[in-house]
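> quick one: sequence and predicted model below, then my questions.
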Amino acid sequence: MIGGMSYGAPSKEAKTALAKATSLVGTVISNGEGGILPEELENSYRQSIQVLASRMGFTKRNLEVAVTRLSEGI
């Protein structure tokens, strides 16, 4: 599992590369304290989606995607 990192800590390119790595090895990536990039969803094998009360960087759409993916069994 690739653990979550604070919102904005890794660059978009780094988060995308880590997501692609999960597909290669069949593991999970956590979004950490913040939102989920579309590139992460497109390229990752599985996601662990963290929701915080502060919602820093997290949008309603992120939660909708999480619920949809959960209902699909992904």
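Looks like it came in fine. Note that the structure is predicted; figures quoted are calculated from it, not measured. Numbering: from 1, shown residues only.
> how much space separates the residue nearest to Asn43 when sequence neighbours are not counted from Ile36?
Nearest non-adjacent residue to Asn43, counting by CB to CB, 6 or more residues apart in numbering: Ala19, 4.1 Å away. (Glycine included, C-beta is placed from N, CA and C.) Computed as CB to CB, to the nearest Å, the Ala19 to Ile36 distance reads 10 Å.
> got the contact list for stretch 35-44?
7, 12, 15-16, 19-20, 22-23, 28-29, 31, 47, 49, 57-59, 62, 65-66, 69 (CB atoms under 8 Å, 6 or more residues apart in numbering).
> and those, which are buried?
Neighbour-count burial (16 or more other CB atoms under 10 Å) is assigned, among the contacts of stretch 35-44, to 7, 15-16, 19-20, 22, 29, 31, 47, 49, 57-58, 62, 65-66.
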